[in-house]
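Engineer: This is a predicted model, with the sequence first.
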Amino acid sequence: MGGCTYQRQRSRRRKLSVPRTRRSAGCPEAGSPAAANVSEPIDMADSSSSDTSTSESPGAKESQDQPTENVIEFNSSGETSDPSASRLLANASDVQFREDSDTRGLEVKGSELCVTNSNSCTSSPSPSGSSTISISSAAGSSEVAATGSSSSRRGVSGYSDKMLPARKRRRADTELEVTGNNPSAQYLQCELPDEVLLNIFSYLSEKDLCRVSQVCQRFSCIANDIELWRNLYQHIFEYDQPLFSSEPCQYAFCSPQDSDYANPWKESVRQFHSSIHVRKDFRDRATALGQNPELYFNTVLEAIEYSEFMRNPVIFVHEGVYKKESLMIESGITLIGAASGNVKEKVIIENDSDFTVLFVERASQAYLGYMTLRFSSDTARVSMSGSKHYCLEVVEHSTPVIEHCIIRSSCVVGAAVCVSGQGASPTLRNCDISDCECVGLFITDYAEGIYENNEISRNVLAGIWVKNHSHPIMRRNHIHHGKDVGIFTFDNGRGYFEANDIHHNHLAGFEVKAGADPTVVRCEIHHGRTGGIHVHEQGSGQFIENKIHSNNYAGVWITSHSSPTIRRNEIYNGHQGGVYIFGDGRGVIEHNNIYGNALAGIQIRTNSDPIVRHNKIHHGQHGGVYVHEKGLGLIEENEIYANTLAGVWITTGSTPVLRRNRIHSGKQVGVYFYDNGHGRLEENDIFNHLYSGVQIRTGSNPLIRRNKIWGGQNGGVLVYNGGLGVLEANEIFDNAMAGVWIKTDSNPTMRRNKIYDGRDGGVCIFNGGRGMLEDNDIFRNSQAGVLISTQSHPILKRNRIFDGMAAGIEITNNATATLEGNLIFNNRFGGLCLASGVKPVLNNNKIFGNQDAVARAVGNGQCLYKISSYTSFPMHDFFRCRTCRTTERNAICINCIRTCHSGHDVEFIRHDRFFCDCGAGTLHSQCQLQGEPSQDTDTVYDSAAPIESHTLMMGQ
């Protein structure tokens with residue numbers, strides 16, 4: 001069939017350089033009523049199933065006017081530059097084949113198209129009012145109707161396909177149904193080279209191509225050539241790729257290779273063939289190029305006025321700068337930039353007063369895309385008027401779609417884009433709002449809308465303002481390098497912000513103020529020159545699953561009675577703190593991962609009272625949670641670990657509640673109360689700190705209840721320097737040194753605690769320490785259950801002190817105590833051991849079942865070092881040897897005096913707790929009661945001085 005012939009020849013045809021379009025066949029003249037009907041439908045569907053000519057018979061319609069003579073020159077490939085050929089072909093409605101002695105070519109006969117044979121082409125009138133286009137050759141001529149039969153491959157006057165070049169002869173297997181016995185129809189429909197037909201078709205408009213594709217199957221294949229339609233499409237629209245509209249207000253370019261259409265260029269022309277065009281100085285050329293001149297305008301305003309009474313018109317604005325254009329859109333109009341390359345940079349609409357584009361009520365299906373909008377105004381004039389100006393404005397009850405636009409404003413008052421009023425709900429996506437001298441995007445007065453994938457950057461004021469009950473939806477926007485705030489919601493502004501990238505803004509990345517209540521989800525807020533999120537002046541909001549990092553100040557600021565929810569965020573690597581709550585701040589901070597910040601992970605101060613729960617606060621370069629200057633807060637069920645300083649600091653009149661937290665693996669203290677820090681510590685698990693699990697000092701008076709405090713490398717609880725506190729029902733165990741240390745005028749109260757399995761003593765009270773210990777269980781500690789030393793005077797009531805590896809209670813160094821109703825039993829070195837000169841107050845204590853291993857060792861003649869080594873300090877008689885020149889720091893037990901220092905000048909010092917230095921091998925002479933000497937290690941009773949860290953405060 002003819003279609004098969006075309007497919008075989010197509011790969012060999014040359015790419016022809018020809019004019020792309022001509023005026024539509026049968027188009028009315030400019031100014032006629034038919035010409036004004038831009039909505040005339042055309043059928044662009046493929047008609048490959050049609051294999052017969054639809055032309056009328058010769059003579060059916062003949063022109064009544066005297067025709068004019070036309071001469072058209074063709075080269076050997078069938079190319080011509082004469083535009084009249086297209087017009088003649090388009091006006092033909094019948095086909096004939098003429099052979100005479102001189103010519104063979106194409107003849108247009110009124111409504112007839114004739115084919116003759118010649119090497120030069122002429123167009124001349126016939127007696128019946130026809131015009132003839134002739135292609136000359138050295139052959140005879142004949143005339144046969146197009147309805148003739150295709151059974152003969154030779155014309156009636158000797159025509160044969162042998163006259164054609166070999167590559168253009170008809171293939172032997174080519175079949176085409178041609179009615180009648182007409183070789184001319186066979187030549188036109190089957191033998192005429194594809195290149196010639198393709199070149200002729202390139203002069204036709206989109207409507208004429210659709211009409212000619214209905215002549216026969218071969219014409220249909222050639223008329224649907226992809227390259228042919230691409231050239232036509234690019235001549236009309238100038239785009240590099242096909243543009244499609246799947247539904248109203250949705251336009252997208254698609255690569256031809258990715259398109260589902262067989263001919264994407266043709267489909268794009270079909271969708272937009274009746275569109276209006278704004279193309280400067282193009283109207284005068286439109287007629288000669290086969291286009292309707294009434295659809296071409298020099299300004300956008302003219303095109304909009306022309307389309308005023310049309311339904312959903314589409315206007316293509318071609319490349320150029322359109323100045324002094326102030327466009328008010330009040331219908332469902334579509335404005336699309338049209339150019340090659342980067343479309344939106346080549347189509348520019350600019351104005352310097354009022355506005356550039358304004359969408360008002362009834363613009364419910366309006367569309368604006370692929371262009372640049374500019375607003376520039378005289379700064380002095382704007383300052384004098386005091387009025388606000390906007391490049392793009394959307395007002396109430398307007399829902400346009402704006403996408404792929406560049407929006408710029410050099411006006412210092414107003415915003416580049418303003419959306420205001422009830423029912424104002426645009427869709428703004430893939431736009432660039434940058435380098436403006438004011439706010440980038442301003443949404444106010446109950447406005448809504450969807451804002452997606454926009455670039456908002458380098459604006460002098462905020463990138464986005466949302467105020468006065470507005471509720472936009474913003475997704476995947478890139479908001480950065482602003483000279484003010486990234487996003488500012490205030491005066492009861494709301495909104496849903498998802499997956500936005502907000503960074504490198506001069507102030508906070510996201511600011512919430514004055515009753516605003518946004519929802520911020522899965523955004524990345526980072527590298528702000530001040531903070532990440534700033535909520536103040538009764539602001540609130542939901543901040544969920546965001547990444548907040550690398551900001552110069554705190555990742556999140558909450559102040560002045562604000563109460564946001566900060567949930568499931570990652571807050572990390574801040575140059576100061578993670579979350580900073582001050583000045584009566586509130587809020588819920590929960591399920592966040594807070595780590596790697598230079599200052600405290602969470603800081604609470606100045607009467608702030610947040611809820612902090614289920615967070616991970618770890619690996620901070622400072623402390624985990626810092627509560628100071630009368631800070632409050634409920635801090636519960638968090639995991640606070642591996643921070644450089646204290647896990648939790650509480651100071652200067654603060655009274656938070658810490659409940660059910662896991663505070664562990666810190667490089668200093670677990671929980672640190674100092675300088676009148678108060679509060680409650682309940683049901684926490686505090687373990688594995690380099691220093692004490694809990695430290696209380698300088699007037700601090702917390703309530704510490706039902707906690708587990710264990711694994712500390714410097715003790716469980718240290719109360720010193722005037723510290724107070726109530727410790728109730730805690731489990732304090734497995735600490736490297738004392739379970740509880742009370743020293744330097746401290747006076748805590750300890751009730752119902754279990755203090756056990758310590759690698760040193762249970763409770764150590766010295767250096768003037770006091771305290772009330774009642775109803776505690778103190779057992780299985782390596783040193784004394786309770787050691788009281790150096791002028792300390794505690795009160796112990798109803799305690800159970802048992803199963804100790806040393807003495808139950810030891811009192812030494814001029815200390816004293818009041819002991820009432822205590823049970824002291826089953827301790828290795830005795831129940832109650834008193835040093836020389838110690839006289840405690842004893843009342844109703846029960847001391848029984850203790851092992852008294854010291855007396856047995858003395859009775860057996862053993863050195864006491866044998867039972868104590870250098871880790872225990874049994875209480876017994878303390879001697880020194882003048883002969884061996886020992887001092888009071890070198891204790892010698894009674895058996896070593898009798899054996900090792902027999903005959904020496906010895907002196908009794910006192911009855912006290914010590915290990916034997918002779919047995920330890922620290923003297924010049926070797927102990928005769930011991931084996932190899934051991935290394936001397938002095939036990940240090942006092943805690944290593946707590947390292948006090950000072951939080952660097954931000955300027956308010």
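Structural biologist: Here it is on my side, so go on.

Engineer: How far does stretch 850-865 sit from its chain's centre?
Structural biologist: Its chain's C-alpha centre lies 73 Å from the corresponding centre of stretch 850-865 when counted by C-alpha atoms, centre = their mean, to the nearest Å.

Engineer: Could you work out the end-to-end span of it for me?
Structural biologist: 20 Å (C-alpha to C-alpha, to the nearest Å).

Engineer: pLDDT wise, what is the residue nearest to residue 928 when sequence neighbours are not counted at?
Structural biologist: Closest residue to residue 928 apart from its sequence neighbours, by C-beta to C-beta, 6 or more residues apart in numbering: residue 900 at 5.0 Å. C-beta coordinates here come from the backbone N, C-alpha and C atoms, glycine included. What the model reports for residue 900 is a pLDDT of 89.

Engineer: And for residue 900, the neighbour number?
Structural biologist: By the criterion of other C-beta atoms under 10 Å, residue 900 has 23 neighbours.

Engineer: show me the contacts for it.
Structural biologist: 892, 918, 925, 927-929 (C-beta atoms under 8 Å, 6 or more residues apart in numbering).

Engineer: rerun at 6 Å
Structural biologist: Applying C-beta atoms under 6 Å, 6 or more residues apart in numbering, one finds that residue 900 lies in contact with 918, 927-928.

Engineer: Most neighbours among these, please name it.
Structural biologist: Top of the contacts of residue 900 by neighbour count (other C-beta under 10 Å): residue 918, with 31 neighbours.

Engineer: I'd like to know the phi and psi angles of it, please.
Structural biologist: phi -70, psi -50 (degrees, to the nearest 10).

Engineer: Residue 857 now?
Structural biologist: Residue torsions, per degrees, to the nearest 10, at residue 857 are phi -60, psi -40.

Engineer: Hmm, residue 199 and residue 222 touching each other?
Structural biologist: No: taking C-beta atoms under 6 Å as the definition, residue 222 is not a contact partner of residue 199, at 10.3 Å.

Engineer: How about residue 842: which residues does it bridge to?
Structural biologist: Note on residue 842: beta-bridge partners residue 819, judged by DSSP bridges.

Engineer: so it sits right up against residue 819, yeah?
Structural biologist: Yes: when contacts are counted by C-beta under 6 Å, residue 842 is listed as touching residue 819 (5.2 Å).

Engineer: where's the residue nearest to residue 928 relative to residue 493, distance?
Structural biologist: 87 Å (C-beta to C-beta, to the nearest Å).

Engineer: what does residue 251 give?
Structural biologist: For residue 251, the distance to residue 493 - C-beta to C-beta - is 31 Å.

Engineer: what about these two, which has more around it?
Structural biologist: Under the criterion of other C-beta under 10 Å, the comparison of residue 251 against residue 493 puts residue 493 first, with 29 against 21.

Engineer: Once you drop chain neighbours, what's closest to residue 914?
Structural biologist: In space, residue 914 is closest to residue 891, 3.8 Å off (C-beta to C-beta, 6+ apart).

Engineer: next one: residue 620
Structural biologist: Nearest one to residue 620, counting by C-beta to C-beta, 6+ apart, is residue 643 at 4.4 Å.

Engineer: how many other residues sit next to that neighbour?
Structural biologist: 28.

Engineer: Repeat that for residue 244.
Structural biologist: 18.

Engineer: Check the one 4 residues further on too.
Structural biologist: Taking other C-beta under 10 Å as the neighbour definition, residue 248 ends up with a count of 12.

Engineer: Report pLDDT for it.
Structural biologist: 86.
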